[in-house]
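>>> Compute the structure for the input listed below.
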Amino acid sequence: MRWHCTRIMKLAITLGIMSLMVIFIEGTSKMLNLTEVAGNFLARRYGGRLKTYSLTQGYRLSNEPAVRGIVRKFMYEGACERRKGFNPRKCKHMHTWSVKKGIVTPFPLPANITVPYMNKTETFLFNLSGANTIPRDQRTSAESAIYTTEKKAVTCHFNVEVDFYGYVTFELFYARGDEPLKDAIAIGFMEDREKGLMKSYSEALRFNVTGTYTRRRMCNNRKNGKKF
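Okay, here's the model as predicted:
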């Protein structure tokens, strides 16, 4: 009987661990690795002859710049598009961008993100490459406060376009015909619509980072013994 109970307990623990693993996998962001995309493209093209490749280094001509990315404006849906900057005193505003579909690059992707603050706006810089979560907290008072009451919470979808320009360099173990051992190819030729990489013109790719944005406001519900 004791042996049977032990087996049941072990099975329950195992199933519990497996369920946690499933939740963890489903909850993570889907990240596209731009370096792997380039490597797979070149491997399909040159097979086992591919020796090395790089998005940022390697031999290249002056008119073949390294690959870089430009992050465009964050766009929001629904109520978040009509964001206002009303910030009551002694409140803490928590902004969270949870990335559902993102991208990893061997170089920074600086994003200028704007949020409402005190009837104005505040802009901060964040590296979007490999980002799962973008947090930003704001306080409207320098005084210490215990934030106990959630006054307002808004959640909506966001998306932001990232444009990639430049050339990927590569080197082959051996050449065929008149092809060079070292060469470069524009990132725009590595379009993969299934992965969300869209060709905008010969030297550029566009990728859409998507996710959910949540804005919460936590306030101290008392001031000098009175509610405010």
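
>>> Could you pull up phi and psi at the residue nearest to residue 161 when sequence neighbours are not counted?
Ranked by CB to CB, 6 or more residues apart in numbering and with sequence neighbours excluded, the top spatial neighbour of residue 161 is residue 72, at 4.3 Å. Heads up, the C-betas are built off the backbone N, CA and C, glycines and all. Reported as degrees, to the nearest 10, the phi and psi values for residue 72 are phi -90, psi -170.

>>> remind me which residues of this protein are low pLDDT?
1-28, 81-90, 118, 139-152, 221-228 (pLDDT under 70).

>>> tell me the SS of residue 43?
What DSSP: H, G, I helix; E, B strand; the rest coil gives for residue 43 is helix.

>>> Wait, it touches residue 50, no?
Yes: using CB atoms under 8 Å, residue 43 and residue 50 qualify as a contacting pair, with a distance of 5.6 Å.

>>> one step back: from residue 200, how far off is the residue nearest to residue 161?
To residue 200, residue 72 is 12 Å away according to CB to CB, to the nearest Å.

>>> re earlier: so for residue 43 and residue 50, which sits in the more crowded spot?
residue 50 (16 against 13; other CB atoms under 10 Å).

>>> OK, contacts around the more buried one?
Residue 50 sits next to 39, 42-43, 170, 172-173 when contact means CB atoms under 8 Å, 6 or more residues apart in numbering.

>>> Just the buried subset of the residues you listed, written out for PyMOL, thanks.
Per 16 or more other CB atoms under 10 Å, the buried members of the contacts of residue 50 correspond to this PyMOL selection:
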select buried, resi 39+42+170+172
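
>>> which of the contacts of residue 50 lies closest to residue 211?
Checking the contacts of residue 50 against residue 211 with CB to CB, the nearest one is residue 39 at 26.1 Å.

>>> For that closest one, which residues are in contact?
50, 53 are the contacts of residue 39 under CB under 8 Å, 6+ apart.

>>> just residue 158 next, same as before
For residue 158, the contact set (CB under 8 Å, 6+ apart) comprises 74-77, 80, 97, 210-213.

>>> 6 Å instead, please
With contact set as CB atoms under 6 Å, 6 or more residues apart in numbering, residue 158 has these partners: 74, 76, 211, 213.

>>> my read: the last one touches residue 97, true?
Yes: proximity of residue 213 to residue 97 meets the contact threshold set by CB atoms under 6 Å, at 5.2 Å.

>>> which residues in this structure form strands?
30-33, 50-54, 68-71, 75-76, 91-104, 110-117, 120-127, 133-139, 149-165, 167-172, 182-186, 197-201, 204-219 (DSSP state E).

>>> okay, those, which one's buried deepest?
strand 167-172 (a mean of 22; mean count of other CB atoms under 10 Å).
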